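Q: With the input below, show me the fold.
(chains A and B)
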Protein chains: 2
Amino acid sequence: MTHARVFLLGLGPIGIEVGKAILTRSDMNLLGAADPMPGKVGADLGILLGMPPRGDLVVGEARELYARTQGSRGHEDVAVVCTGSRLDQVAPQLEQAVDVGLHVVSTCEELAFPWQRHAEIARSLDKRARERGVVVLGTGVNPGMVMDRLPLVITSACVRVDKVRVHRVVDAAKRRGPLRAKVGAGLSPDEFRQGVSQGRLGHVGLAESAALLASGLGLPFSGVEETIEPVIAQVDAAGVTQGRVLGVKQVAWVTHGEQPVVELVLEMYVGAEAPRDQVWVEGDPPLEVVVQGGFQGDRATVGAVLNAIPIVAASPPGLHTVATLPVVATLPVVR
Amino acid sequence: MTHARVFLLGLGPIGIEVGKAILTRSDMNLLGAADPMPGKVGADLGILLGMPPRGDLVVGEARELYARTQGSRGHEDVAVVCTGSRLDQVAPQLEQAVDVGLHVVSTCEELAFPWQRHAEIARSLDKRARERGVVVLGTGVNPGMVMDRLPLVITSACVRVDKVRVHRVVDAAKRRGPLRAKVGAGLSPDEFRQGVSQGRLGHVGLAESAALLASGLGLPFSGVEETIEPVIAQVDAAGVTQGRVLGVKQVAWVTHGEQPVVELVLEMYVGAEAPRDQVWVEGDPPLEVVVQGGFQGDRATVGAVLNAIPIVAASPPGLHTVATLPVVATLPVVR
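A: Below you'll find the model as predicted:
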């Protein structure tokens, strides 16, 4: 069995959980972590992961981390990058990892389909990755599963696809603080609009999912349209005063000719009823698939990252998407 | 765009529909078909596909078909083999196609995970395919999607999987005659048991799905256990007399240690209520996914075959499974 060696960049809530999960896996070694945040840099990684001390201190700079295996770099070495949503900010970290010969798995939402907003970075990353013989992948649950990979997989059993619609409903009351903040829960409508215009509020990655889904369906498309609106409390509810913001409703769609062919609706707000993920395919055959309760966002993102590690280490080099990699790295276990 | 050239072997109900579907695709050419059955061999392929005559006659032997492109064989040439469920019977056709340098996509159910019942054939096919630089794949909706690929894709967002259970319910009354016959609708219980013992009745591929799912989950397993029972009419219903057989209930399971970790339940009978496909994952996070009404078996198998054609033509050589190939052949369309 291939034994992946993992460097972890970014010890926010997702990075911490990815680190913990790696420690449970017999087919992976965690070689260390980097996070420049005061209180994290210099701390014992084991303690940060809620385990006994490991005698392995968190470093501030990825290059210090990568120096640990200089001269013994293997094809199973992977950098897991959980540092941000915006590709222009994360790209230097990705490039640095690629340049030292590491595969990259990242939760950076815009990396799920980087051609959507950052075509130049995408081309450059793909070229570097091919030159170094490594894979770069953006993954997670959304983008990465609910609104792109899952619909593509089910439509792979369709003779013809006319339209795909996905609806994800998340009850922000049941999620950690950062998600409540991200959807603007408790803000006034004006504060919400200001947050959106400054790029501080809302889900990042919806347009990437729409573009990945459309292009995976083989549709030529020239762009993705998007709207983002607040969901307003009609009565006092779950700590939010009437008239203030419960959360967000975002829609992204792609048209082909005059017809909408991809439509993604994401509702994340405090008190949302019947949380679920739902995919409708108009086509031959038509399909309706429901994920009861919806994928639990944080845990499923950790799972997606974890499971991608052996896949990237076994795949052809270049910039990939979740649609261009298989779900299992190698041929099945043969008795 | 890669332009696949397709040879079609087998003009049963699925082969015919695959042929029709290929004719609707601008990225594929149908180069001809073979079927030795009287009334098919020598007939105009267009007419058999319910279209205008093509002046392309169905041949009896695949080798006559392959001779059409001798000397101009390309890496986009694919043989689609829809001739049977049992790998020992279909294997010579697969080997012949591989030996002339064709990729193979087949609905042969036992090819979905050939190591399960025919490890020697699997090893030999894999070796030949690698030597010739082609891909061999068994696909369809079941096996190929409902009970293996779909659960593997959703569990790729799980940090930990303890158990996967899949339940598929098909109303045989709504399906074509061959399915009613395959599930034994209308037989006496004795006739049913006789048909099962002779291998004429029941769904082929359940053990293959169980093995593919278990091995895709990375579980070591030593075998798949299976049961098959008739579903008996309690009252006269849908043309079946009380006490006779409505259809079949099949179960396959894999244990790991003492625990069942994969459990597949397939019910196909006349009048089955609430047809659906349902997947439960016990793990972190837990998941429950429902395909409302279930994948329509025939159409979805045609879709799975059709969509696999460009994938195999772009993938690394060898014997594959639906789990080891991506859902999209190449990197997404870039604007």
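Q: from here on, contacts and neighbour counts on C-alpha atoms
A: OK.
Q: Could you pull up the residues touching A:T227?
A: A:250-252 (C-alpha atoms under 8 Å, 6 or more residues apart in numbering or on different chains).
Q: do the same with A:I121
A: With contact set as C-alpha under 8 Å, 6+ apart, A:I121 has these partners: A:88, A:91, A:114.
Q: top of these by neighbour count?
A: A:P114 (29 neighbours; other C-alpha atoms under 10 Å in any protein chain shown).
Q: quick one, phi psi at the residue nearest to A:R200 when sequence neighbours are not counted?
A: Counting by C-alpha to C-alpha, 6 or more residues apart in numbering or on different chains, A:K182 is the residue found nearest to A:R200 once chain neighbours are left out, at 7.3 Å. Main-chain torsions, A:K182, degrees, to the nearest 10: phi -60, psi -30.
Q: who's in contact with A:A172?
A: Counting by C-alpha under 8 Å, 6+ apart, A:A172 makes contact with A:179-180, A:183, A:247, A:268-272.
Q: Relative to chain B, which of these is nearest.
A: A:L179 (17.8 Å; C-alpha to the nearest C-alpha).
Q: Report pLDDT for the closest one.
A: Looking at A:L179, its pLDDT reads 82.
Q: what about it, is that helix, strand or coil?
A: Following DSSP: H, G, I helix; E, B strand; the rest coil, A:L179 is assigned to helix.
Q: And the residue nearest to it when sequence neighbours are not counted, how close does it get to A:T83?
A: Residue nearest to A:L179 in three dimensions, not counting chain neighbours: A:A172, with 6.6 Å by C-alpha to C-alpha, 6+ apart. Separation of A:A172 from A:T83 (C-alpha to C-alpha, to the nearest Å): 22 Å.
Q: and what of A:P92?
A: For A:P92, the distance to A:T83 - C-alpha to C-alpha - is 11 Å.
Q: So which of these two has more stuff around it?
A: Using other C-alpha under 10 Å as the criterion, A:P92 and A:T83 rank with A:T83 on top: 20 against 13.
Q: I'd say the more buried one and A:P13 touch.
A: No - using C-alpha atoms under 8 Å, A:T83 is not in contact with A:P13; the gap is 10.3 Å.
Q: Report the helix or strand with the lowest average pLDDT across chain A.
A: helix A:177-182 (a mean of 83; mean pLDDT, DSSP states H and E).
Q: buried residues in that helix?
A: A:179-182 (16 or more other C-alpha atoms under 10 Å in any protein chain shown).
Q: out of those, which one sits closest to B:E131?
A: Nearest to B:E131 among those: A:L179, at 51.9 Å, using C-alpha to C-alpha.
Q: mind checking pLDDT for A:M1?
A: Taking A:M1 on its own, its pLDDT is 51.
Q: A:A173 too?
A: For A:A173, the predicted pLDDT is 87.
Q: Smallest gap between the stretch 1-150 of chain A and chain B, at which residue?
A: Counting by C-alpha to the nearest C-alpha, the stretch 1-150 of chain A gets nearest chain B through A:W115, at 6.4 Å.
Q: Let me know the pLDDT of that residue.
A: The score at A:W115 is 94. That number is its pLDDT.
Q: Do I have it right that it meets A:S124?
A: No - counting by C-alpha under 8 Å, A:W115 does not reach A:S124; the two are 10.9 Å apart.
Q: Which one's more surrounded, those two?
A: Neighbours per residue (other C-alpha under 10 Å) separate A:W115 from A:S124, with A:W115 holding more: 20 against 13.
Q: which residue sits closest to that one in space, ignoring its chain neighbours?
A: According to C-alpha to C-alpha, 6+ apart, the nearest residue to A:W115 is A:A122 (5.8 Å).
Q: Just the element for that neighbour, please.
A: In the assignment (DSSP states H and E), A:A122 maps to helix A:119-132.
Q: show me the contacts for A:A237.
A: A:G271.
Q: what's the closest non-adjacent residue to the residue positioned nearest the centre of chain A?
A: Taking C-alpha atoms, centre = their mean, the centroid of chain A lies closest to A:G140, which sits 3.2 Å from it. Of all residues beyond its chain neighbours, the one nearest A:G140 is A:T301 (4.2 Å), with distances taken as C-alpha to C-alpha, 6+ apart.
Q: Equivalent analysis for A:G271, please.
A: Nearest to A:G271 is A:D171, by C-alpha to C-alpha, 6+ apart, at 5.5 Å.
Q: Might you report the residue contacts of the one you found?
A: Here A:D171 is in contact with A:268-273, A:275 (C-alpha under 8 Å, 6+ apart).
Q: Arrange those in JSON lines, one row each, with secondary structure and pLDDT as further columns.
A: Converted to JSON lines, the contacts of A:D171 look like this (DSSP: H, G, I helix; E, B strand; the rest coil; pLDDT from 0 to 100):
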{"residue": "A:M268", "secondary structure": "strand", "pLDDT": "96"}
{"residue": "A:Y269", "secondary structure": "strand", "pLDDT": "95"}
{"residue": "A:V270", "secondary structure": "coil", "pLDDT": "93"}
{"residue": "A:G271", "secondary structure": "coil", "pLDDT": "92"}
{"residue": "A:A272", "secondary structure": "coil", "pLDDT": "94"}
{"residue": "A:E273", "secondary structure": "coil", "pLDDT": "93"}
{"residue": "A:P275", "secondary structure": "coil", "pLDDT": "97"}
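Q: Over to A:V59: give its phi and psi.
A: Per degrees, to the nearest 10, the backbone of A:V59 is at phi -100, psi 160.
Q: these two touch, right, it and A:G42?
A: Yes - using C-alpha under 8 Å, A:V59 is in contact with A:G42, at 6.0 Å.
Q: Which residue of the two possesses the greater neighbour count?
A: In terms of neighbours (other C-alpha under 10 Å), A:V59 is the more surrounded of A:V59 and A:G42; the figures are 22 against 16.
Q: What does the pLDDT read for the more buried one?
A: For A:V59, the predicted pLDDT is 98.
Q: ditto for A:K20
A: For A:K20, pLDDT reads 97.
Q: check contacts around it.
A: Counted by C-alpha under 8 Å, 6+ apart, A:K20 has contacts A:L49.
Q: give me phi/psi at it?
A: A:K20 adopts backbone torsions of phi -60, psi -40, taken as degrees, to the nearest 10.
Q: near chain B, which residues of the stretch 151-300 of chain A?
A: A:152-154, A:156-160, A:212, A:215-216, A:218, A:220-222, A:284-285, A:287-292, A:295-296, A:299-300 (C-alpha under 8 Å from any C-alpha of the partner chain).
Q: can you give me the helices in the stretch 51-200 of chain A?
A: Assigned by DSSP state H, counting those that start in this stretch, the stretch 51-200 of chain A shows helices spanning A:62-66, A:87-99, A:119-132, A:149-155, A:177-182, A:189-197.
Q: and those, which one's lowest on average pLDDT?
A: helix A:177-182 (a mean of 83).
Q: Which residues does that helix contact?
A: Under C-alpha under 8 Å, 6+ apart, the answer for helix A:177-182 is A:172-173, A:200-203, A:247, A:269-270.
Q: Quick check: closest non-adjacent residue to A:V248.
A: Leaving out its chain neighbours, the residue that sits closest to A:V248 by C-alpha to C-alpha, 6+ apart is A:P230, at 4.6 Å.
Q: tell me the SS of the one you found?
A: Relying on three-state DSSP, one would call A:P230 strand.
Q: Please name the residues that touch it.
A: Counting by C-alpha under 8 Å, 6+ apart, A:P230 has contacts A:189, A:192, A:245-249.
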